[in-house]
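Novice: the amino acid sequence is not available; the structure is as follows:
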């Protein structure tokens, strides 16, 4: 009785994107304002993936970047951040490149991913969605995003609004840590990271560090994505830069300001992308280039200050029965009859 060999899912981001992201795929981006998987986004741009359908309730600059880089044919989201007047990449893509927009609220897009995660065809929404322009727009354009059915539990024959499930072909997520099996742990604002991954057919998870599975087992409540959902594990320090990762580094206003300025025109974006994406082989080179350009102190200042949470006692809750009995697998291999149970019933059986 030996423990099965663990399938090693660890690979580079270049390998993961090449293997799991294909032209025409629906791409779920599991992030909201922090922990944005920019390493994966940059690699998708670098590999010139085309005609992707990006799904993300709230976007910082990731969808804007892919729109500027001509990676997208369709976007399902609620909004993309605007920090500059004039035309952004997403605006240009809509007006000039004909990218299709499916206009959700944060709530309904998150519900659509939740429905996909739970293998449901749809989930009910609050009644306010039916009264909104979001619903009216979708029905006017014959988009199969929402529907109405009679509530079977209502005596008054009231109707409820439904949002259709979204199941991405592939999801990209960035977390604080992960083990080689793919148990991904994150804390802080999680957004739709968990449901985006659970709804997708394939999942790429990048992490600040790969840790031993014993560390993961000691804090199981931090595991937001179990290993059986994950196809690729990528160790990618600074993988969400310039957004923050709680406990690791803060928001980088220098790079954000540079991108905002560069997104004003396609020519400026291409110059910026040539420097920060196409001109670099991977995330390691990205970090080295940042240090070369701004200095190590600039990078070091972004590192999060230590602020520990209060510890909690897990007791023996997460111990296996073998751990409680003090038995190892090699002991059972050597002596299969080692474990015997005596049951006192008070009578013969």
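Specialist: Received the coordinates, thanks. Here the structure is a predicted model, which is why all the values come from computation and not from measurement.
Novice: can you give me the strands in the chain?
Specialist: Ranges of strands in the chain, per DSSP state E, are 26-30, 52-55, 58-59, 72-77, 79-80, 100-103, 122-124, 146-150, 159-164, 170-178, 184-185, 202-210, 223-225, 232-235.
Novice: tell me which of the ones you listed lies nearest to residue 267.
Specialist: Of all the strands of the chain, it is strand 72-77 that lies closest to residue 267, at 19.3 Å by C-beta to C-beta. For the C-beta atoms, the positions are set from N, CA and C on the backbone; glycine is no exception.
Novice: identify the residues contacting that closest one?
Specialist: Applying C-beta atoms under 8 Å, 6 or more residues apart in numbering, the contact partners of strand 72-77 are 24, 50-59, 63, 66-67, 90, 93, 99-102, 104, 109, 112, 166.
Novice: hang on, the earlier thing: would you turn the strands of the chain into JSON lines with mean neighbour count, distance to residue 333 and mean pLDDT?
Specialist: Formatted as JSON lines, the strands of the chain follow (neighbours: other C-beta atoms under 10 Å; distance: least, C-beta to C-beta, whole Å; pLDDT from 0 to 100):
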{"stretch": "strand 26-30", "mean neighbour count": "28", "distance to residue 333": "40", "mean pLDDT": "97"}
{"stretch": "strand 52-55", "mean neighbour count": "25", "distance to residue 333": "47", "mean pLDDT": "98"}
{"stretch": "strand 58-59", "mean neighbour count": "22", "distance to residue 333": "52", "mean pLDDT": "88"}
{"stretch": "strand 72-77", "mean neighbour count": "21", "distance to residue 333": "52", "mean pLDDT": "94"}
{"stretch": "strand 79-80", "mean neighbour count": "17", "distance to residue 333": "56", "mean pLDDT": "78"}
{"stretch": "strand 100-103", "mean neighbour count": "16", "distance to residue 333": "55", "mean pLDDT": "91"}
{"stretch": "strand 122-124", "mean neighbour count": "16", "distance to residue 333": "48", "mean pLDDT": "97"}
{"stretch": "strand 146-150", "mean neighbour count": "14", "distance to residue 333": "57", "mean pLDDT": "93"}
{"stretch": "strand 159-164", "mean neighbour count": "20", "distance to residue 333": "51", "mean pLDDT": "94"}
{"stretch": "strand 170-178", "mean neighbour count": "29", "distance to residue 333": "30", "mean pLDDT": "98"}
{"stretch": "strand 184-185", "mean neighbour count": "25", "distance to residue 333": "31", "mean pLDDT": "98"}
{"stretch": "strand 202-210", "mean neighbour count": "24", "distance to residue 333": "29", "mean pLDDT": "98"}
{"stretch": "strand 223-225", "mean neighbour count": "22", "distance to residue 333": "29", "mean pLDDT": "97"}
{"stretch": "strand 232-235", "mean neighbour count": "24", "distance to residue 333": "29", "mean pLDDT": "98"}
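Novice: could I get those as a markdown table with distance to residue 281?
Specialist: Below are the strands of the chain laid out as a markdown table (distance: least, C-beta to C-beta, whole Å):
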| stretch | distance to residue 281 |
| --- | --- |
| strand 26-30 | 22 |
| strand 52-55 | 22 |
| strand 58-59 | 26 |
| strand 72-77 | 24 |
| strand 79-80 | 28 |
| strand 100-103 | 33 |
| strand 122-124 | 42 |
| strand 146-150 | 44 |
| strand 159-164 | 40 |
| strand 170-178 | 19 |
| strand 184-185 | 25 |
| strand 202-210 | 16 |
| strand 223-225 | 28 |
| strand 232-235 | 15 |
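Novice: show the contacting residues for residue 146.
Specialist: Each residue near residue 146 by C-beta under 8 Å, 6+ apart is listed here: 108, 125, 129-130, 135, 138-139, 161-164.
Novice: what about residue 97, neighbour count?
Specialist: 14 (other C-beta atoms under 10 Å).
Novice: name the nearest residue to it, ignoring sequence neighbours.
Specialist: Nearest residue to residue 97, sequence neighbours excluded (C-beta to C-beta, 6 or more residues apart in numbering): residue 70, at 7.1 Å.
Novice: tell me which helix or strand in this structure has the weakest average pLDDT.
Specialist: Scoring the helices and strands of the chain by mean pLDDT, DSSP states H and E places helix 321-325 at the bottom, with a mean of 75.
Novice: so where's this protein uncertain?
Specialist: Across the chain, the ranges flagged by pLDDT under 70 are 1-7, 83-85, 142, 316-318, 337-349.
Novice: outline the domain layout of it.
Specialist: For the chain, the structural domains run 13-121+166-300, 127-164, going by automatic domain parsing.
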